[in-house]
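*Asks:* okay, predicted coordinates and the sequence, questions at the end:
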Amino acid sequence: MRIRTQCRACGLPFGAEITAQSTTLACPGCDVERPLSQQGWQDTPHGRVDQCPLCDCQHFYHQRDVNRAWGCALVALGAALAPWTWGISLAVVVAVDWWLARRLKMAVVCYRCDTVYRDAEPQLRQDEFDLLKHDVMKYGKTWEDAKRE
Ligand SMILES: [Zn+2]
Ligand SMILES: [Zn+2]
């Protein structure tokens with residue numbers, strides 16, 4: 001299961017791969033390890049996460065697994081080369097960008113710790129991002145408080 005997460009100790013965002021044998025996840029920047037739970041997730045071709053291995057949260061949302069920075073850099077490169085290639089490079093990167101966007105799968109994201117589970121398929125209750133739910137999970141607001149506001 002490929003994941004993207006952020007180190008709690010030094011704040012470094014990093015990608016990693018966790019398997020059913022992993023018991024900890026170490027930060028490549030500062031080597032601080034976080035315990036990994038083996039419960040509630042499956043690393044199979046159609047993987048799923050029902051409980052976050054990093055924070056035990058059971059609430060997730062789905063989003064497209066897109067690497068924005070990469071797409072922008074690609075288009076910038078195509079534009080930079082355009083004068084020498086009579087615009088062909090620009091047409092090529094636009095085509096590649098379109099092809100990439102179509103290939104992107106859905107990823108599942110933990111509401112509480114923002115870890116992205118890139119190989120997990122969204123389950124029915126793992127809906128679009130919901131700000132209210134996010135605040136409740138992250139800042140410990142209660143549903144009652146949120147409704148009164
Ligand atoms: Zn770190
Ligand atoms: Zn989590």
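*Replies:* It's in. Because the structure is a prediction, the values reported are computed rather than measured. Residues are numbered from 1 along each chain as shown. Ligands and ions are numbered 1, 2, ... in the order given.

*Asks:* contacts and neighbour counts: CA atoms only from here.
*Replies:* Will do.

*Asks:* and the gap between residue 103 and residue 65?
*Replies:* In this structure, residue 103 and residue 65 are 10 Å apart, going by CA to CA, to the nearest Å.

*Asks:* those two: who's more crowded?
*Replies:* Each of residue 103 and residue 65 had its neighbours counted (other CA atoms under 10 Å), and the higher figure belongs to residue 65 (18 against 11).

*Asks:* tell me which residues touch the more buried one, please.
*Replies:* Neighbour list for residue 65: 104, 105, 106, 107, 118 [criterion: CA atoms under 8 Å, 6 or more residues apart in numbering].

*Asks:* how much space between the residue nearest to the spatial centre of the chain and ligand 2?
*Replies:* Per CA atoms, centre = their mean, the C-alpha nearest to the average position across the chain is that of residue 116, at 2.7 Å. Residue 116 sits 9 Å away from ligand 2, taking CA to the ion, to the nearest Å as the criterion.

*Asks:* that residue reaches residue 122, doesn't it?
*Replies:* No: distance between residue 116 and residue 122: 11.5 Å, which falls outside the contact criterion (CA atoms under 8 Å).

*Asks:* anything in contact with each of those two?
*Replies:* A shared contact of residue 116 and residue 122, defined by CA under 8 Å, 6+ apart, is any residue touching both; here these are 107, 108.

*Asks:* what residues go with each domain of the protein?
*Replies:* Each domain of the chain is listed here as a residue range: 1-63+106-141, 66-104, per automatic domain parsing.

*Asks:* quick one, which of those gets closest to ligand 1.
*Replies:* With distances scored as CA to the ion, the stretch of the domains of the chain nearest to ligand 1 is domain 1-63+106-141 (4.1 Å).
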